[in-house]
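Undergrad: Return atomic coordinates for the entry below.
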Amino acid sequence: MPKFEVPMPRASSIVALAAAAILSMGLSARQADAASISVVSDVNTVQNGSGNYPIFSNILGTSDSVLFSRNVGQFADLSSYYATTHGATVTSSSAALTGLFLSGYDLLVLTANFGSAFTYTASELLAIADFSTAGGDILMIAEANTSDTASLDSYNSVLSAVGSSIRFSDRIAASANDTALAASDISAISDSFSAVYYNNLTGGRSIARDGNGNTFLAYERLSPVPLPAGLPLLAAALASAVVIRRRRAA
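TA: Just a heads-up that it's a prediction; the model follows:
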């Protein structure tokens, strides 16, 4: 009686499938924690004496390692405040962002001087997204004229990359001081937040806005991407295939 054997996948195929499964499970493991993003659309809000620092304290929270990426410039007051008042370790770096580099920080501050675009590459945007899905919080402070679509698009590209619904839109040439902040993690024990010329923010949770409803401080808790339903089954199947092949080899 001839023997009929079910053809088994080549070793290289098993390795490739296993690698894909491990990569997917690794990404899912990093996506276990939800992070938050706070967006401020007026670069002048960070100046010492603005009265806005209780909000920035809340955004820092329990973070003790802060990275100001690309730029400090006019944000030096905030950098110093985090370091001297809260005792956080604050680093300013223009280095390319990678997953390994960002893994040493709790809070990532993305800043740009007025009318300056973010210049993050696709791989850096992926690293920022991985940082947030691993539980790292993000503070974005930027502002540009309505006609400066290149800068506004660069801000929105970063927001899109991390899965945020917040977006920059038209710049409002006015001053505002919101003394009735919306309840959130970053507005606790804070009486007000003010701005002088700012971009209107849409999406997310509006925390501070002017009398016309234009938002200049928005907040959002980012949801982790769920584990693919079929991934555990795929991992189990791969493990079984490897065991069977080893038995045949023996």
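Undergrad: Val66 touches Val90, doesn't it?
TA: Yes - contact between Val66 and Val90 holds when scored by CB atoms under 8 Å: they sit 4.8 Å apart. In short, each C-beta sits where N, CA and C put it, glycine included.
Undergrad: the helices in the chain, which residues?
TA: Along the chain, counting by DSSP state H, helices occupy 11-30, 53-60, 76-84, 99-102, 122-133, 149-161, 231-249.
Undergrad: Least confident of these, on average?
TA: Comparing mean pLDDT over these, the weakest stretch is helix 11-30, at a mean of 45.
Undergrad: and Thr85, how far is that from Val40?
TA: Relative to Val40, Thr85 is positioned 18 Å away (CB to CB, to the nearest Å).
Undergrad: scratch that, Asp77 is what I was asking about
TA: For Asp77, the distance to Val40 - CB to CB - is 14 Å.
Undergrad: Pull up the overlap in contacts between those two.
TA: By CB atoms under 8 Å, 6 or more residues apart in numbering, Asp77 and Val40 have these common neighbours: Val46.
Undergrad: who's more crowded, the two?
TA: Using other CB atoms under 10 Å as the criterion, Asp77 and Val40 rank with Val40 on top: 28 against 16.
Undergrad: right, and Ser41 touches Asn200 too?
TA: Yes - the pair Ser41 and Asn200 passes the contact test of CB under 8 Å, sitting 7.3 Å apart.
Undergrad: of the two, who's got more company?
TA: Neighbour count, other CB under 10 Å: between Ser41 and Asn200, Ser41 has more, with 28 against 21.
Undergrad: In contact with the more buried one, which residues are there?
TA: Applying CB under 8 Å, 6+ apart, the residues contacting Ser41 are 142-143, 168, 195, 198-201, 215-218.
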